[in-house]
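**Student:** Just a sequence and a predicted model for now, questions to come.
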Amino acid sequence: MMKNEYILLTLAGVFTLGLVAYVELERLSGSPYILWSMLGYIFFLMCFLPISTGYSRKFPPYFSQGLLTGQILVALVSLIVHQGPVAPVLLVVWAGQLPDFFSRRAAFAQVIISALCFCAIMYFCWTDSYPIVTSLIYLGFQLFALSSSFARVSERNARERVEQLNQQLQATRILLAQSSRQDERVRIARDLHDILGHQLTALNLQLEILQHKVPEELRETVQQSKGLAKELLENIRQVVRDQRNLLSLDIRQAVQALLAHIPQLEIQIEGELQLDSVQLAEQIVLCIQEGISNALRHGRATRISLLLEQQSNAIKISLDDNGRGLVAGAGNGTGIQGMRERLSPYSGLVELSALAQGCRLAISFNPSFKEIAHD
């Protein structure tokens, strides 16, 4: 399902292209160029629709850049073939699509070059008396469309960053809530051990002394009381041990919180981790979030499989996606480097590798990481 911004861009572009084509083809009625012009507008529309609908984002960036190159070539050739009063509008439509796939500097450079080409076409091929003025007017339209599109892209990126930060805060809140519950359980377990345990130990000592002072007929009763006190003490110690052994953070809940606003993504989570460090759990969750974001943004993945493995002191995390594969240089990109920096205090290793379809993000820890996690 297309997003609202794609729907509006598609409708506006198709409406504008339809009007331009109608006016220009009406002027070319009976001309030998009408068939070629019609094919040119159809080709322009075929290059425009994949970009306006967002379909081209499923492929590498050079695919969309190639479509934009096809658009500008059709526009310039159409301007060379015949002088049309509204045909330059194609340059404006083309300029409005550049910010999604080019940097600000590259996009402005392309618009300036297209304006110079348009001016040259008017000077050599048209009968326009003011080629510079006309080209500057359309350059202004192009720059306006370009600036508006950059504002749209910036607003979209800012919205995505805010959503990402909200997801991080929610995941961190879940981890902190788990940590608070664990702290409370530790406090209760410590109180049980320190207060009841010590008192029961003292009671055992008193019963031991009493056993040697009471009459013979009462010694069996004292012995039974002593046994009950020992059994109670052992039960309390067992409860304390169980409470401490159950102290671990569940990062599955935090990961699921990250995915709450990505309904179009299918994810499967297998395994679990037993972590007692909030800092380590938070860094792992943030790395998983970065991996999911990269799979969506760069790989256009629709399905992700997350595997959590823990054996003794070793932890392994695998994030597999069904995206378009490993992009050249992605293994050393800023995202991977950021993950390595996050996990370096815990001796964590991060690797990105290609699969038959998609990529695998592998995170592992040396056996010594647990000592750091407990500090």
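**Tutor:** Received, thanks. Residues are numbered from 1 along each chain as shown.
**Student:** Per-residue pLDDT of the spatially closest residue to residue 357 that is not a sequence neighbour, please?
**Tutor:** Once flanking residues are discounted, residue 357 sits nearest to residue 322: 5.5 Å by C-beta to C-beta, 6 or more residues apart in numbering. All C-beta spots, glycine's among them, are computed from the backbone N, C-alpha and C. For residue 322, the pLDDT comes out at 86.
**Student:** right, and residue 322 touches residue 358 too?
**Tutor:** Yes. With contact defined as C-beta atoms under 8 Å, residue 322 reaches residue 358; the gap is 4.6 Å.
**Student:** for the chain, where's the lowest mean pLDDT among helices and strands?
**Tutor:** helix 369-374 (a mean of 46; mean pLDDT, DSSP states H and E).
**Student:** before we move on, back to that, which residues touch the residue nearest to residue 357?
**Tutor:** 301, 302, 303, 304, 357, 358 (C-beta atoms under 8 Å, 6 or more residues apart in numbering).
**Student:** as a whole number, average confidence for the helix or strand where residue 164 lies?
**Tutor:** Applying DSSP states H and E as the criterion places residue 164 in helix 131-191. Averaging pLDDT along helix 131-191 yields 81.
**Student:** Same question for stretch 223-243.
**Tutor:** Rounded mean pLDDT across stretch 223-243 is 73.
**Student:** Contacts for whatever helix or strand residue 113 lives in, please.
**Tutor:** Per DSSP H and E: residue 113 is located in helix 104-125. By C-beta under 8 Å, 6+ apart, the residues outside helix 104-125 that reach it are 72, 75-76, 79-80, 83, 88, 91, 94-95, 98-99, 102, 128, 131-132, 134-136, 138-139, 142-143, 146, 150.
**Student:** Kindly recompute the last result at 7 Å.
**Tutor:** Outside helix 104-125, the residues that touch it by C-beta atoms under 7 Å, 6 or more residues apart in numbering are 72, 76, 79-80, 88, 91, 95, 98-99, 128, 131-132, 134-135, 138-139, 142-143, 146, 150.
**Student:** Tell me how many other residues crowd residue 104.
**Tutor:** Residues contacting residue 104 under the criterion other C-beta atoms under 10 Å number 14.
**Student:** related to what we said a few turns ago, distance from the chain centre to the helix holding residue 113, please.
**Tutor:** 37 Å (C-alpha atoms, centre = their mean, to the nearest Å).
**Student:** Now that helix: buried residues?
**Tutor:** 107, 108, 110, 111, 114, 115, 117, 118, 119, 121, 122 (16 or more other C-beta atoms under 10 Å).
**Student:** CA atoms of it as CSV?
**Tutor:** The C-alpha coordinates for helix 104-125 follow below in CSV (Å, rounded to 0.1, in the frame of the first residue of the first chain):
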residue,chain,number,x,y,z
ARG,A,104,21.8,18.6,-2.2
ARG,A,105,25.0,19.6,-4.0
ALA,A,106,24.6,16.9,-6.7
ALA,A,107,20.9,17.8,-7.3
PHE,A,108,21.6,21.5,-7.6
ALA,A,109,24.5,20.8,-10.0
GLN,A,110,22.2,18.7,-12.2
VAL,A,111,19.5,21.4,-12.3
ILE,A,112,22.0,24.1,-13.3
ILE,A,113,23.4,21.8,-16.1
SER,A,114,19.8,21.1,-17.3
ALA,A,115,19.1,24.9,-17.4
LEU,A,116,22.2,25.5,-19.4
CYS,A,117,21.2,22.8,-21.8
PHE,A,118,17.8,24.3,-22.1
CYS,A,119,19.2,27.7,-22.8
ALA,A,120,21.5,26.3,-25.5
ILE,A,121,18.6,24.4,-27.1
MET,A,122,16.6,27.6,-27.2
TYR,A,123,19.5,29.6,-28.6
PHE,A,124,20.3,27.1,-31.4
CYS,A,125,17.0,25.4,-32.1
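**Student:** Renumber starting at 356 from here on
**Tutor:** I'll keep to 356 as the first residue from here, and by that count the last item is helix 459-480.
**Student:** Report the angle between that helix and helix 486-546.
**Tutor:** 160 degrees (axes from the mean of the first three to the mean of the last three C-alpha atoms, to 10 degrees).
**Student:** So what's the model's average confidence on helix 459-480?
**Tutor:** 93.
**Student:** separation between residue 503 and residue 364?
**Tutor:** According to C-beta to C-beta, to the nearest Å, residue 503 and residue 364 sit 11 Å apart.
**Student:** Pick out whichever of those two has more residues nearby.
**Tutor:** In terms of neighbours (other C-beta under 10 Å), residue 364 is the more surrounded of residue 503 and residue 364; the figures are 22 against 13.
**Student:** residue contacts, the more buried one?
**Tutor:** Contacts of residue 364 by C-beta under 7 Å, 6+ apart are residue 407.
**Student:** Please, which helix or strand holds it?
**Tutor:** helix 359-382.
**Student:** Past that helix, which element shows up next along the chain?
**Tutor:** Heading C-terminal from helix 359-382 (DSSP H and E), you reach helix 389-407.
**Student:** where does the stretch 556-705 of the chain dip in pLDDT?
**Tutor:** 594-604, 615-616, 618, 668, 682-688 (pLDDT under 70).
**Student:** got the residue ranges for the helices in it?
**Tutor:** 571-600, 606-613, 633-652, 689-698 (DSSP state H, counting those that start in this stretch).
**Student:** Quick check: the most centrally placed residue in the chain vs residue 436, distance?
**Tutor:** Nearest residue to the geometric centre of the chain (C-alpha atoms, centre = their mean): residue 648, 1.8 Å. Going from residue 648 to residue 436 by C-beta to C-beta gives 46 Å.
**Student:** likewise residue 669?
**Tutor:** Following C-beta to C-beta, the distance that separates residue 669 from residue 436 is 68 Å.
**Student:** Looking at the two, which is more packed in?
**Tutor:** Applying other C-beta under 10 Å to residue 669 and residue 436 shows that residue 436 carries more neighbours, namely 17 against 13.
**Student:** does that one really touch residue 388, like I thought?
**Tutor:** Yes. Using C-beta atoms under 7 Å, residue 436 is in contact with residue 388, at 5.3 Å.
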